[in-house]
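> The sequence and its predicted three-dimensional model are supplied below.
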Amino acid sequence: MQLYKRLNLSLMLLLIFTAGIAAAQSGWYTEGDHAHTTRIKLTLVNTLDIDRKDCPIVITRDEVPLKNIEEMGVTVVDPSLPARPMPSAEVMKKQGGHHIREETNGQQLFYQMDDLDRDGVWDELYFQTDIKANERKTIYLYIGFNQRGWMEHGTHATIGSYCHHLIPFWESAHVGWKLWYRDTCDVFGKRKGVLMSNLLCINNLDGYGVSYTSHDYGSDIQRVAETFGGGAICLFEFPAFADSVSRPRYTPNADKRENKSWNLPPMVDTRYAYEVVVNGPVRSMIKARTMNWNSGSGFYELEQLYTVYTNQSYSTCKVNYTKFFPLKDGVMFGCGIRKNGMEFESYQDGNIAITMGHDELSDPDDPDGKSYVVDFVGNALVVKDMYNPQYRYLKGFGGNHTFRIPLTDDLSYEYMIFAAWSEGAVYNTPELFKEYVIKTEKEYNNPVKVRFEGVERK
């Protein structure tokens, strides 16, 4: 009899413990005195057999069942993460009333609601999360006013004066890109995780000499000149000629100028304009517009939306031609990266091209001619599979790894650019960089699926 009672007691305790776990997973999130009564349940599905870290999640407004929500009307919660405790009095004094209080039933994630088309209504809800191989993960969107939660920025985008002209710069903590040459990406490598593009512009720091200001900032690590640099678009107007491409800053007009790496003044040649579309905390975007591009064999205008992501060493680029008037049939889209001048290894498979090598860092305008060789600089280019890219090595323009892309019905396509170096904190060997690019390509072509499970109310 006593044994029976003990077994019954053990069973009851087990049931209570199990119920407690279930309640913690499905219980309603609270933060301080915030206890919302409406939430939307999401299921994230990782279809790959690899763990994803800091995985981008994009949810469009059209997908969300409750659409009339403003930017302080959502709290994104991962119920599997440990709840934050009440911060100390010292922290509260420093951070003030907007700091997160103690949580229950999960942890809120940093997110942003981005108005991409500037009509006053958000278009995308964005956040990042870790998700294991083949995992189905629950996320809740709690609906209701909430102005607490300082969101530390992991990315930054800016447009600032840099040596006589305005440049756009977009960065994560480990790598950044800027358009010194109007249509071609320069790459900036950091030594430690830090955002610094605003200081680079505010203080007009030399990209090759910022180490004198802060060793952590790093340096320009990309030679561009006439090449495709860290990433650039082109057109294959004569696909039958393997080494023939058209580029916005190399036009019949630009060829008349002494410095042929630049266009003539904007009324008679290709011109450019830039806009900061989104500036953190979790992702940042720069829009680059190319206008009045007369290649001699066609007239074109386009927009590129560059996006950089927290804790990642890549930028995506969405290209959309707004005017496309070739004078002949058979024109193909294109994009490319510079072949490393001291390349000791390259990798090409399908839609991936990687170049790795030593590189000499030097300021071309430094009268002392100081320079030093870096053990490893890596660049990579990945075109989305759906566009059926065709790899071509381009001997011209200093040597470049490029892809030809068949025209699409909407005159758009997408690709990614990567960068890393031996003095950085992440992916600082050829092996680590190559592994990162190959893994990320799989994630890029197989985004996490988002399923809406309905609206729940207390």
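That came through, no problem.
> So residue 138 sits against residue 45, correct?
No: using Cβ atoms under 8 Å, residue 138 is not in contact with residue 45; the gap is 10.9 Å. Placement of C-beta: from N, CA and C, glycine included.
> helix, strand or coil for residue 439?
helix (DSSP: H, G, I helix; E, B strand; the rest coil).
> and the nearest residue to it once chain neighbours are set aside, what pLDDT?
What sits nearest to residue 439 in space, not counting adjacent residues and going by Cβ to Cβ, 6 or more residues apart in numbering, is residue 50, at 6.4 Å. On the pLDDT scale, residue 50 is placed at 97.
> State whether residue 50 is indeed within a helix.
No: under three-state DSSP, residue 50 falls outside any helix and is assigned coil.
> Counting neighbours, what do you get for it?
Per other Cβ atoms under 10 Å, the neighbour tally for residue 50 reads 13.
> Please apply the same query to the one 10 residues further on.
Here the number of neighbours of residue 60 (other Cβ under 10 Å) works out to 12.
> Check what pLDDT it gets.
In this model, residue 60 is scored at 96, pLDDT.
> isn't it right next to residue 124, touching?
Yes: the pair residue 60 and residue 124 qualifies as a contact (Cβ under 8 Å) at a distance of 5.7 Å.
> Report the contact partners of residue 331.
Counting by Cβ atoms under 8 Å, 6 or more residues apart in numbering, residue 331 touches 235, 236, 237, 239, 298, 407.
> Considering these, which possesses the most neighbours?
Neighbour-wise, the contacts of residue 331 (other Cβ under 10 Å) top out at residue 235, 25 neighbours.
> For that residue, report the pLDDT, please.
98.
> Apart from its chain neighbours, what residue comes closest to it?
residue 246 (4.5 Å).
> so how far is residue 180 from residue 290?
Counting by Cβ to Cβ, to the nearest Å, the gap between residue 290 and residue 180 amounts to 15 Å.
> Using CSV, write down the CA coordinates of stretch 204-220.
The C-alpha coordinates for stretch 204-220 follow below in CSV (Å, rounded to 0.1, in the frame of the first residue of the first chain):
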residue,chain,number,x,y,z
ASN,A,204,37.1,62.3,-42.7
LEU,A,205,39.4,59.5,-41.7
ASP,A,206,41.7,57.9,-44.4
GLY,A,207,40.4,54.4,-45.0
TYR,A,208,44.0,53.2,-45.1
GLY,A,209,45.1,55.2,-42.1
VAL,A,210,42.3,54.7,-39.5
SER,A,211,44.6,52.4,-37.5
TYR,A,212,46.3,55.5,-36.3
THR,A,213,43.0,56.4,-34.7
SER,A,214,41.9,53.0,-33.6
HIS,A,215,43.5,49.7,-34.2
ASP,A,216,40.1,48.0,-33.9
TYR,A,217,38.7,49.9,-36.9
GLY,A,218,40.8,48.0,-39.4
SER,A,219,41.5,49.2,-42.9
ASP,A,220,40.4,49.3,-46.5
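> contact partners of that stretch?
So stretch 204-220 is in contact with 161-163, 178, 186-192, 194, 196, 199-200, 203, 361-363, 366, 421, 423-424, going by Cβ under 8 Å, 6+ apart.
> One more pass at 7 Å, please.
Applying Cβ atoms under 7 Å, 6 or more residues apart in numbering, the external contacts of stretch 204-220 come out as 161-162, 186, 188-192, 194, 196, 199-200, 361-363, 423.
> Let me see the contact set for the residue nearest the centre of the chain.
Nearest to the mean C-alpha position of the chain, by Cα atoms, centre = their mean, lies residue 308 at 2.4 Å. Counting by Cβ under 7 Å, 6+ apart, residue 308 makes contact with 155, 170, 171, 172, 283, 284, 315.
> That one sits in which helix or strand?
strand 298-309 (DSSP states H and E).
> mind exporting that strand as CSV, just the C-alpha atoms?
Provided in CSV are the C-alpha atoms of strand 298-309 (Å, rounded to 0.1, in the frame of the first residue of the first chain):
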residue,chain,number,x,y,z
GLY,A,298,21.7,50.7,-75.2
PHE,A,299,20.2,53.0,-72.6
TYR,A,300,19.7,51.9,-69.0
GLU,A,301,18.7,52.9,-65.5
LEU,A,302,18.6,50.8,-62.4
GLU,A,303,18.3,50.6,-58.7
GLN,A,304,20.4,48.4,-56.3
LEU,A,305,19.3,47.7,-52.7
TYR,A,306,22.3,46.7,-50.6
THR,A,307,21.5,45.1,-47.3
VAL,A,308,23.8,44.2,-44.4
TYR,A,309,23.0,42.0,-41.5
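> so what strands line up beside it?
strand 283-294 (antiparallel), strand 314-326 (antiparallel) (DSSP bridges).
> thinking again about what came up before, right, and the residue nearest to residue 439 touches residue 132 too?
No: the criterion here is Cβ atoms under 7 Å, and residue 50 misses it with residue 132 at 9.0 Å.
> Please tell me how far residue 210 sits from residue 279.
21 Å.
> For the two, indicate the residue with more neighbours.
Neighbour comparison, residue 210 and residue 279: the larger count goes to residue 210, with 21 against 17 (by other Cβ under 10 Å).
> got a pLDDT number for the more buried one?
Residue 210 is assigned a predicted lDDT (pLDDT) of 75.
> can you list the weak-confidence ranges in this protein?
Along the chain, segments meeting pLDDT under 70 span 1-25, 211-212, 362-370.
> all helices for this structure, in order.
2-26, 89-95, 197-202, 430-445 (DSSP state H).
> Nearest residue to residue 393 in space, please, no chain neighbours.
Excluding the flanking residues, the one nearest residue 393 by Cβ to Cβ, 6+ apart is residue 401, at 6.3 Å.
> coming back round to it: show the buried residues in the contacts of stretch 204-220.
162, 186, 188-191, 196, 199-200, 361-363, 423 (16 or more other Cβ atoms under 10 Å).
> ok, back up a step: ok, residue 138 and residue 45, which is more surrounded?
For residue 138 versus residue 45, neighbours defined as other Cβ under 10 Å are more numerous around residue 138 (16 against 13).
> my read: the more buried one touches residue 81, true?
No: counting by Cβ under 7 Å, residue 81 is not a contact partner of residue 138; they are 11.3 Å apart.
> Please consider this matter closed, and thank you.
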